[in-house]
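**Student:** Sharing a model that was predicted from the sequence below.
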Amino acid sequence: MSKKVYYSWEDIGHMLMSINNLMSADGWRPDYIVGVTRGGLVPAVMLSNLTGIEMHALGKDESNCWMAENAFGYESEYNGVSAEDALVPDVTAMDNRMNILIIDDINDSGKTFDWIKRDWPSVCLPHDDKWDTVWGENVRFATLVDNDSSTFGDVDYTAVEINKVDDPTWVVFPWEGERDYGSAD
(Lines give C-alpha, C1' and ligand atoms only; values in the text may rest on other atoms or scores of the structure.)
Protein backbone atom coordinates (compact mmCIF):
# COMPACT_ATOMS: atom_id res chain seq x y z
CA MET A 1 0.00 0.00 0.00
CA SER A 2 1.33 3.40 -0.91
CA LYS A 3 1.18 6.44 1.28
CA LYS A 4 -0.35 9.71 0.08
CA VAL A 5 1.61 12.94 0.15
CA TYR A 6 -0.47 16.11 -0.15
CA TYR A 7 1.07 19.34 -1.43
CA SER A 8 -0.49 22.73 -0.67
CA TRP A 9 -0.61 25.80 -2.88
CA GLU A 10 2.15 27.26 -0.71
CA ASP A 11 4.27 24.14 -1.36
CA ILE A 12 3.73 24.55 -5.10
CA GLY A 13 4.85 28.19 -4.91
CA HIS A 14 8.06 27.14 -3.14
CA MET A 15 8.66 24.36 -5.68
CA LEU A 16 8.31 26.77 -8.61
CA MET A 17 10.66 29.27 -6.94
CA SER A 18 13.17 26.43 -6.56
CA ILE A 19 12.89 25.52 -10.25
CA ASN A 20 13.25 29.18 -11.24
CA ASN A 21 16.34 29.51 -9.01
CA LEU A 22 17.88 26.39 -10.57
CA MET A 23 17.39 27.83 -14.06
CA SER A 24 18.90 31.14 -12.94
CA ALA A 25 21.89 29.33 -11.41
CA ASP A 26 22.43 27.66 -14.82
CA GLY A 27 22.18 31.02 -16.57
CA TRP A 28 19.41 29.55 -18.70
CA ARG A 29 16.08 31.18 -19.53
CA PRO A 30 13.41 29.73 -21.81
CA ASP A 31 11.85 31.72 -24.63
CA TYR A 32 8.60 30.01 -23.67
CA ILE A 33 7.24 27.45 -21.25
CA VAL A 34 5.27 24.40 -22.36
CA GLY A 35 2.76 22.95 -19.90
CA VAL A 36 1.86 19.32 -20.52
CA THR A 37 -1.87 18.75 -20.14
CA ARG A 38 -3.33 18.25 -17.63
CA GLY A 39 -0.99 18.19 -14.67
CA GLY A 40 1.62 20.52 -16.14
CA LEU A 41 -0.77 23.33 -17.02
CA VAL A 42 -1.11 24.80 -13.53
CA PRO A 43 2.65 24.84 -12.81
CA ALA A 44 3.28 26.26 -16.31
CA VAL A 45 0.82 29.11 -15.80
CA MET A 46 2.20 29.84 -12.34
CA LEU A 47 5.82 29.80 -13.57
CA SER A 48 4.83 32.00 -16.50
CA ASN A 49 3.28 34.51 -14.10
CA LEU A 50 6.34 34.34 -11.85
CA THR A 51 8.84 34.92 -14.65
CA GLY A 52 6.88 36.88 -17.25
CA ILE A 53 7.72 34.20 -19.84
CA GLU A 54 4.94 33.24 -22.25
CA MET A 55 3.37 29.81 -21.91
CA HIS A 56 1.81 27.27 -24.28
CA ALA A 57 0.03 23.97 -23.75
CA LEU A 58 0.88 20.57 -25.21
CA GLY A 59 -1.65 17.77 -25.00
CA LYS A 60 -0.42 14.30 -24.19
CA ASP A 61 -0.14 12.31 -27.41
CA GLU A 62 -0.71 15.51 -29.44
CA SER A 63 2.06 16.22 -31.95
CA ASN A 64 3.08 19.81 -32.19
CA CYS A 65 5.18 20.50 -35.24
CA TRP A 66 5.79 24.21 -34.62
CA MET A 67 7.25 23.56 -31.16
CA ALA A 68 9.55 20.92 -32.62
CA GLU A 69 10.61 23.36 -35.34
CA ASN A 70 11.32 26.05 -32.70
CA ALA A 71 13.39 23.55 -30.72
CA PHE A 72 15.41 22.46 -33.73
CA GLY A 73 15.80 25.92 -35.24
CA TYR A 74 14.06 24.87 -38.44
CA GLU A 75 12.64 27.61 -40.63
CA SER A 76 10.07 27.09 -43.34
CA GLU A 77 12.00 29.22 -45.85
CA TYR A 78 15.65 29.16 -46.85
CA ASN A 79 17.07 32.02 -48.87
CA GLY A 80 13.64 32.82 -50.28
CA VAL A 81 12.93 29.21 -51.28
CA SER A 82 10.33 27.25 -49.35
CA ALA A 83 11.53 24.08 -47.63
CA GLU A 84 9.16 22.07 -49.79
CA ASP A 85 10.83 23.43 -52.96
CA ALA A 86 14.39 23.20 -51.70
CA LEU A 87 16.24 20.02 -52.62
CA VAL A 88 18.31 20.10 -49.43
CA PRO A 89 17.21 22.61 -46.80
CA ASP A 90 19.99 24.52 -45.08
CA VAL A 91 19.65 23.52 -41.45
CA THR A 92 23.27 24.02 -40.52
CA ALA A 93 22.63 27.32 -38.76
CA MET A 94 21.45 26.68 -35.22
CA ASP A 95 21.04 30.36 -34.38
CA ASN A 96 17.27 30.08 -34.76
CA ARG A 97 16.82 27.57 -31.95
CA MET A 98 14.51 28.68 -29.19
CA ASN A 99 14.94 27.78 -25.53
CA ILE A 100 11.92 25.80 -24.41
CA LEU A 101 11.07 24.55 -20.93
CA ILE A 102 8.65 21.62 -20.84
CA ILE A 103 7.02 21.25 -17.43
CA ASP A 104 4.75 18.65 -15.87
CA ASP A 105 3.62 18.20 -12.29
CA ILE A 106 5.33 14.82 -11.89
CA ASN A 107 7.69 12.64 -13.85
CA ASP A 108 6.06 9.45 -12.65
CA SER A 109 6.64 6.65 -15.15
CA GLY A 110 8.57 8.76 -17.70
CA LYS A 111 6.19 7.94 -20.55
CA THR A 112 5.12 11.54 -21.24
CA PHE A 113 8.62 13.01 -21.54
CA ASP A 114 9.88 9.93 -23.42
CA TRP A 115 7.03 10.42 -25.88
CA ILE A 116 7.97 14.09 -26.48
CA LYS A 117 11.60 13.13 -27.14
CA ARG A 118 10.42 10.62 -29.75
CA ASP A 119 7.62 12.72 -31.21
CA TRP A 120 9.32 16.05 -31.87
CA PRO A 121 12.06 14.62 -34.10
CA SER A 122 9.45 12.51 -35.92
CA VAL A 123 7.64 15.66 -37.14
CA CYS A 124 10.73 17.78 -37.90
CA LEU A 125 13.73 16.35 -39.75
CA PRO A 126 13.51 12.92 -38.13
CA HIS A 127 16.85 11.59 -39.37
CA ASP A 128 19.00 14.56 -38.43
CA ASP A 129 21.64 13.82 -35.78
CA LYS A 130 21.44 17.43 -34.58
CA TRP A 131 18.44 16.40 -32.46
CA ASP A 132 20.97 14.94 -30.01
CA THR A 133 22.14 18.50 -29.28
CA VAL A 134 18.62 19.85 -28.65
CA TRP A 135 17.74 17.93 -25.48
CA GLY A 136 19.32 19.36 -22.35
CA GLU A 137 20.70 22.36 -24.22
CA ASN A 138 17.90 24.49 -25.61
CA VAL A 139 15.02 22.19 -24.65
CA ARG A 140 14.88 21.29 -20.99
CA PHE A 141 12.44 19.39 -18.78
CA ALA A 142 11.12 20.36 -15.35
CA THR A 143 8.81 18.72 -12.84
CA LEU A 144 7.62 19.61 -9.40
CA VAL A 145 8.21 16.00 -8.33
CA ASP A 146 10.61 13.59 -10.04
CA ASN A 147 10.35 9.83 -9.50
CA ASP A 148 13.94 8.57 -9.59
CA SER A 149 12.74 5.14 -10.71
CA SER A 150 11.12 6.61 -13.85
CA THR A 151 12.31 5.49 -17.29
CA PHE A 152 13.02 9.16 -18.11
CA GLY A 153 16.24 10.17 -16.41
CA ASP A 154 16.77 13.51 -18.13
CA VAL A 155 14.75 15.91 -15.94
CA ASP A 156 16.80 19.09 -15.80
CA TYR A 157 14.97 20.90 -13.01
CA THR A 158 12.95 19.47 -10.15
CA ALA A 159 11.98 20.58 -6.67
CA VAL A 160 11.34 17.20 -4.99
CA GLU A 161 12.80 13.78 -5.73
CA ILE A 162 11.14 10.54 -4.69
CA ASN A 163 11.71 6.89 -5.50
CA LYS A 164 8.46 4.97 -5.79
CA VAL A 165 10.26 1.63 -5.86
CA ASP A 166 11.86 2.21 -2.45
CA ASP A 167 8.99 4.22 -0.98
CA PRO A 168 5.63 3.78 -2.77
CA THR A 169 4.05 7.24 -2.71
CA TRP A 170 0.91 8.68 -4.25
CA VAL A 171 1.40 12.42 -4.80
CA VAL A 172 -1.69 14.64 -4.56
CA PHE A 173 -1.52 18.21 -5.89
CA PRO A 174 -3.98 20.91 -4.76
CA TRP A 175 -5.66 21.08 -8.20
CA GLU A 176 -6.55 17.39 -8.23
CA GLY A 177 -9.91 15.97 -7.30
CA GLU A 178 -9.05 14.75 -3.80
CA ARG A 179 -10.78 17.72 -2.22
CA ASP A 180 -14.49 18.42 -1.86
CA TYR A 181 -15.26 21.25 -4.27
CA GLY A 182 -18.99 21.18 -3.63
CA SER A 183 -21.67 21.07 -6.26
CA ALA A 184 -21.00 22.08 -9.87
CA ASP A 185 -24.37 23.83 -9.96
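**Tutor:** Thanks, I have the structure now.
**Student:** Quick check: pLDDT value at the closest residue to Y157 other than its chain neighbours.
**Tutor:** Leaving aside its sequence neighbours, Y157 sits nearest to A142 (Cβ to Cβ, 6 or more residues apart in numbering; 4.0 Å). To be clear about C-beta, it is placed using only N, CA and C from the backbone, and glycine gets the same treatment. Listed pLDDT for A142 reads 98.
**Student:** How about S122?
**Tutor:** pLDDT at S122 comes out at 87.
**Student:** Excluding chain neighbours, give the residue nearest to it in space.
**Tutor:** Nearest residue to S122 in three dimensions, chain neighbours excluded: S63, at 7.7 Å (Cβ to Cβ, 6+ apart).
**Student:** Pull the number of nearby residues for that neighbour.
**Tutor:** S63 has 15 neighbours, counted by other Cβ atoms under 10 Å.
**Student:** and if you look at F152?
**Tutor:** F152, neighbours per other Cβ under 10 Å, totals 20.
**Student:** related to what we said a few turns ago, the residue nearest to Y157: what's it in contact with?
**Tutor:** A142 makes contacts with I19, L101, I102, I103, D104, V155, D156, Y157, T158, as judged by Cβ atoms under 8 Å, 6 or more residues apart in numbering.
**Student:** So which residues of this structure form strands?
**Tutor:** Remark: strands assigned in the chain by DSSP state E are 3-6, 32-36, 55-58, 77-78, 81-82, 100-107, 139-147, 157-162, 169-172.
**Student:** D119 is nearest to which of the ones you listed?
**Tutor:** Comparison of those against D119 by Cβ to Cβ identifies strand 55-58 as nearest, at 9.6 Å.
**Student:** Show residues contacting the closest one.
**Tutor:** 32-37, 41, 44-45, 47-48, 64, 67, 102, 116.
**Student:** Give me the buried entries from these.
**Tutor:** Among the contacts of strand 55-58, the ones that count as buried by 16 or more other Cβ atoms under 10 Å are 32-36, 41, 44, 47-48, 64, 67, 102, 116.
**Student:** May I see those residues organised as CSV, with distance to V123 and pLDDT added?
**Tutor:** Putting those into CSV (distance: Cβ to Cβ, whole Å; pLDDT from 0 to 100) gives the following:
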residue, distance to V123, pLDDT
Y32, 18, 96
I33, 20, 98
V34, 15, 97
G35, 19, 97
V36, 17, 95
L41, 22, 97
A44, 21, 98
L47, 25, 98
S48, 24, 98
N64, 8, 79
M67, 9, 89
I102, 15, 97
I116, 11, 92
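**Student:** Find the residue closest to the residue positioned nearest the centre of the chain in space, skipping its chain neighbours.
**Tutor:** Closest residue to the average C-alpha location of the chain: I102 at 1.5 Å, with Cα atoms, centre = their mean. Among residues not flanking I102 along the chain, V34 sits closest, at 4.6 Å (Cβ to Cβ, 6+ apart).
**Student:** and V45, what does it touch?
**Tutor:** Counting by Cβ under 8 Å, 6+ apart, V45 has contacts G35, M55.
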